[in-house]
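Pasting the sequence and the predicted model now:
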Amino acid sequence: MHKAEAKKKIDELTAQIREHNYQYYALSNPVISDYDFDQLLVQLTSLEKEFPEFLDPNSPTQIVGGSITKDFETIKHKVPFLSLGNTYSEEEISEFDARIRKNIDVNFAYVCELKYDGVAIGLHYKHGELVRAVTRGDGEQGDDVTNNVRTIKSIPLKLRSGDYPEEFEVRGEIFLHHHIFERINAERIKNGEVPFANPRNSASGTLKMQDSAVVAKRSLDCFIYSVILENLPLKTHYESMQKAKKWGFKVSEHLTLCQDLPAVFKYIHHVNGLRAHLGFDIDGVVIKVDEIELQKDLGITAKSPRWAIAYKFKAESVSTKLLSITFQVGRTGSITPVANLQAVLLGGTMVKRASLHNADFIEKLDIREGDVVFVEKGGEVIPKITAVDLSKRDLFSQAHPFINACPECGTPLVRADGEANHYCPNEDGCPPQIKGKIEHFTSRKAMDIEGLGSETIELLFKEGLIRNVSDIYELQKKQLEKLERMGSKSADNLLAGIENSKSISFSRVLFALGIRHVGETVARKLAAHFKNMEALLQAEKDQLLEVEEIGEKIADSLLKWFAVKENQEMIEKMKKLGLQFELNQNEMNSSLSDSLKGLTFVVSGVFEKYSRDELKKLIEQHGGKVSGSISAKTSGLIAGAESGPSKLEKASKLQVKVITENEFIEMLS
Ligand code: IVH
């Protein structure tokens, strides 16, 4: 294809895909099938590959992420992020209305909206393109999370119609739909990670992740609730929201004009009923005076506007009987007391159990078996017990003693000074801890053994076929075939999965061992430093502490684990069975030198010899750090063709050195 023709086709496809994204993500109104949409994307991707000179960084193909942000730069908000006065009582809403009417004597309307329970974000646009996304932070300054926000499909990278202001900001709330929150938590539990408490925490944790490709997979969403511009050429907030929708933003369909106070109350009651069916969390409604001039007249108090208020829903609370308290042992041996409740309907779901957290929680609320307790949905998803109805307590009830031996293996429990939880110290003999360790070992991020999930592990453990992770490699077909729900074919598949896992890299094997405090990153650093298990096993504490990111806690944990004879034997056995206990060539290459140690670079633009991602990788392989934005701490801006003018400007302002691709390559040698 000719260049001009390619450019035209790329522009056409880009516009088409953008419009479909808008219809799908902002308006929830898809007009073509997923298949047809994917075909358009495939066409655009292949053209962009063939003609990289036409690749727009804001192209819809670029939202799969891939950039890494190590440090999120702090940005001061030009217009402070105000908070909202809030109330739980309708009476105070009437008082709010009366206060306003005292100050203005013209007729006016309110706009009522949902109060989204997520993470507030300010999105800055220049000439119709997203240039920066900053979290609310403390209201004065927040974090630059642009790289991650660029992966959110309902946030346009480029605006639609041409009547948007040249430069402006919109604010809104980033949130997670319940079904995605549940998917993320299920995955975390499977990987032996602590689940997020609620969708808000999950959204906020996701926004601060370093790898935007992971963020992209989390499917965050965003509703816009205000347009920030000094002289917005519009009269009302309602109009501004309609405009925002036309420009490409997602604005809730529940935004409603209310002419008087009764209409506001009607809205509140309507939304309260709707709440359980929305599929995402809200914690109330926001009531705003619609006319922008009137908003200005009313002004703001110390931190919140006089023209708006939030009506917050009380957490729904029900009472039910606490039938019994049982104790669960987690993968790490931590003991969690659980309340088994008489089933009760709460926020649309049946609740039968609630966590009692630890001994202090039980003691503080003086919770006893047989009590009538109040249950609320904290963050709307996880039920929690908030109080005991003492008026209904049985005269003869007794305080429930916390257990002192493990319910699974009988070992006396320990509770370290200053720690809230009791632990079972029998790491290698307590069944849930053994099974948990094996589950962690086989999980996707570790040895990734397909077909060896929690149910199969339970079965193999019950049959006495596995007692530790090395036993997995000695399983035989005739043993597996005999198991429930396991035929000859699944046995073959499982054995193939086990065999394949023998090629998993040393750093992942190290992570898979489940040594306390040795997560993926620590395992990678250890593997890169010591190169093989032999050297790591022989390392003294001082040598361990020399490794980046390894402190006292991790070093002690490693030494303790390596000192156990059974662990040494297990490693020896797995080494003989063919697992990787030294760096392979690939991993050797992944750390090339320390020549850029202590230096931080920003990479911007298009280059001749390497792609942006390759350059970033090179920086890391030579011990340097990559950042998404320039700050006074940046050591250099590696700028290629079409490098963003704002980056160059900022580099010159902060006296950050601008480096060409060739200069950078010279630095490496
Ligand atoms: S308007 C000056 N509208 O609530 C008006 N805020 O306490 C400022 N929020 O962190 C905000 N939904 O992120 C507004 N429909 C909505 C909202 C909303 C949620 C959050 C906002 C802020 C907090 C204000």
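Perfect, thanks for sending it.

Any idea how many residues pack against Cys430?
Cys430 has 20 neighbouring residues, counting by other CB atoms under 10 Å. Yep, even glycine has a C-beta here, placed from its N, CA and C like the rest.

Give me the three-state assignment for Ile385.
Here Ile385 is recorded as strand under DSSP: H, G, I helix; E, B strand; the rest coil.

wouldn't it be in contact with His357 here?
No - applying CB atoms under 8 Å, one finds Ile385 not in contact with His357, separated by 9.5 Å.

more crowded one of those two?
Comparing Ile385 with His357 by other CB under 10 Å, the one with more neighbours is Ile385, at 23 against 16.

roughly how far apart are the more buried one and the ligand?
Computed as CB to the nearest ligand atom, to the nearest Å, the Ile385 to the ligand distance reads 28 Å.

Ok, Phe506 next?
45 Å.

heads up, I number from 30, so please use that
From this message on, residue numbering opens at 30, which makes the last subject Phe535.

For that residue, what are phi and psi?
phi -50, psi -40 (degrees, to the nearest 10).

Give the burial count for it, as a bare number.
24.

can you pull the contacts of it?
Taking CB atoms under 8 Å, 6 or more residues apart in numbering, we find Phe535 in contact with 556, 561-562, 609-613, 616.

Taking the stretch 580-698 of the chain, what residue is nearest to the ligand?
Distances between the stretch 580-698 of the chain and the ligand by CB to the nearest ligand atom are smallest at Ser658, namely 22.6 Å.

Check the secondary structure at that residue for me.
Assignment for Ser658 (three-state DSSP): coil.

Could I get the contacting residues of it?
The neighbourhood of Ser658, defined by CB under 8 Å, 6+ apart, consists of 98, 102, 173, 175, 631.

measure it to Ile501 for me?
As judged by CB to CB, to the nearest Å, Ser658 and Ile501 stand 45 Å apart.

Get me the contact residues on this protein for the ligand.
111-113, 142, 144-145, 149, 165, 202, 254-255, 315, 334, 337 (CB under 6 Å from any ligand atom).

so what's the residue in the stretch 30-179 of the chain that the ligand sits nearest to closest to, chain neighbours aside?
Nearest to the ligand, among the residues of the stretch 30-179 of the chain, is Ala149, at 3.1 Å (CB to the nearest ligand atom). Nearest residue to Ala149, sequence neighbours excluded (CB to CB, 6 or more residues apart in numbering): Arg165, at 3.7 Å.

give the contact list for that neighbour.
Arg165 is in contact with 110, 148-151, 171, counting by CB under 8 Å, 6+ apart.

Just the buried residues out of the residues you listed, in ChimeraX syntax.
Here is the ChimeraX command that selects the buried residues among these (16 or more other CB atoms under 10 Å):
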select :110,148,149,150,151,171
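
Out of the contacts of Arg165, flag the one nearest to Ser536.
Among the contacts of Arg165, Val148 lies closest to Ser536 (CB to CB), at 32.3 Å.

Give me the pLDDT value at the closest residue to the ligand within the stretch 330-479 of the chain.
Going by CB to the nearest ligand atom, the ligand is nearest to Pro334 of the stretch 330-479 of the chain, at 4.5 Å. The confidence metric pLDDT takes the value 94 at Pro334.

One more: Glu202?
Note for Glu202: predicted pLDDT of 98.

hang on, it packs against Tyr145?
Yes - using CB under 8 Å, Glu202 makes contact with Tyr145 at a distance of 3.8 Å.

Quickly list what's touching both of the two.
Among the neighbours of Glu202, those also in contact with Tyr145 (CB under 8 Å, 6+ apart) are 252, 254.
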